[in-house]
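> Kindly generate the corresponding structure for this input.
(one chain, ligands or ions: 1)
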Amino acid sequence: MFSKESLDNLILSKRTVLCVGLDTDPAKIPAHITGTTKQKVMEFNTSIIKATHKYCVAYKINVAFYEALGMEGWQILFHTAEYIKSHYPQHFLIADAKRGDIGNTAERYAKAFYDEMPFDAITLSPYMGIDTVAPFIRRGKFAIVLALTSNTGASDFQLQPMDDGKPLYQKVIEKFSEKFGRDEIMFVTGATHSPMLKSVRSLVPDYYLLIPGVGAQGADYLTTLSNALNASGAGVLINSSREILYASSNDDFEEAAAAAASKYEF
Ligand SMILES: O=C(O)c1cc(=O)[nH]c(=O)n1[C@@H]1O[C@H](COP(=O)(O)O)[C@@H](O)[C@H]1O
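Alright, predicted model coming up:
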């Protein structure tokens, strides 16, 4: 069970806002890890988690990397989520699934990620509307709504002005924060949009922001942090995936991942 306050306390006690992204690509696993794909991915994931748990407050499992492995990918997703929750229950666990569908379908997604798997949060696309997020609102869980994504395509729709001149992403943030509270939802804002981060923070000073875009996508971590922290010095989760997972492709990959993760301490 997580709340805004418990996440703030976790961040302030660990002195980090890092969320390690488990975007595991079997082709990038160090060659000395052998066995079936399932064995290799599980060994790699558990090694990365053991090496990084001290330096992060959250893990984000990007579901696409597991779906791409077929039936056994779903098993690896389940086992990785269970491993994190049973060994490191204090860590916030995000399913990066980018779902979003009509109510009865959304309820099934919520059942899959909250009941069948032990996720604390799920990423959601907002474009089918506010009703599609409602089934993911549960005490102790967070629905994480895409607002301003880190990719260049964010300018195709999210940065476009609406009739009142406000960009679409701002409308998304305003509408969702009118409807749902700071213990219910978070917003995704890409670190690559550095000038806009400050305005997102001032739009929703009390809500959590999940921020990808540092590390492999090149945004500066310290600038991101200073633009995004809330008044209590928390309120933000900064995700980094490839930079940490693939810090080394040799048998020192655990030390290299730990060193990459430890750079996010503040
Ligand atoms: O929702 C996300 O997590 C997400 C939103 C976004 O705007 N940009 C973005 O990169 N992500 C995810 O964040 C992770 C970034 O990975 P790295 O670029 O390797 O650190 C990937 O899992 C992306 O799918």
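> Spell out which residues of the stretch 151-266 of the chain are next to the ligand.
Contacts of the stretch 151-266 of the chain with the ligand, taken as C-beta under 6 Å from any ligand atom, map to 188, 190, 212, 215-217, 239-243. For glycine as for every other residue, the C-beta is placed from the backbone atoms N, C-alpha and C.
> Can you lay out the residues you listed as JSON lines showing secondary structure and neighbour count?
Shown next, in JSON lines, are these (DSSP: H, G, I helix; E, B strand; the rest coil; neighbours: other C-beta atoms under 10 Å):
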{"residue": "Val188", "secondary structure": "strand", "neighbour count": "25"}
{"residue": "Gly190", "secondary structure": "coil", "neighbour count": "24"}
{"residue": "Pro212", "secondary structure": "coil", "neighbour count": "27"}
{"residue": "Gly215", "secondary structure": "helix", "neighbour count": "22"}
{"residue": "Ala216", "secondary structure": "helix", "neighbour count": "16"}
{"residue": "Gln217", "secondary structure": "helix", "neighbour count": "17"}
{"residue": "Asn239", "secondary structure": "strand", "neighbour count": "28"}
{"residue": "Ser240", "secondary structure": "strand", "neighbour count": "26"}
{"residue": "Ser241", "secondary structure": "coil", "neighbour count": "23"}
{"residue": "Arg242", "secondary structure": "helix", "neighbour count": "15"}
{"residue": "Glu243", "secondary structure": "helix", "neighbour count": "19"}
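> where do the helices sit along this structure?
4-14, 37-52, 64-67, 71-87, 103-110, 168-179, 194-203, 221-228, 242-245, 253-262 (DSSP state H).
> deepest of these, which one?
helix 242-245 (a mean of 22; mean count of other C-beta atoms under 10 Å).
> which strands and helices sit next to that one?
strand 18-21, helix 37-52, helix 253-262 (3 or more C-beta pairs under 8 Å, 6 or more residues apart in numbering; DSSP states H and E).
> 7 Å instead?
The elements that helix 242-245 packs onto, with contact taken as 3 or more C-beta pairs under 7 Å, 6 or more residues apart in numbering; DSSP states H and E, are helix 253-262.
> And the helix it packs on, how far out from the chain middle?
19 Å (C-alpha atoms, centre = their mean, to the nearest Å).
> what's the angle from that helix to helix 37-52?
50 degrees (axes from the mean of the first three to the mean of the last three C-alpha atoms, to 10 degrees).
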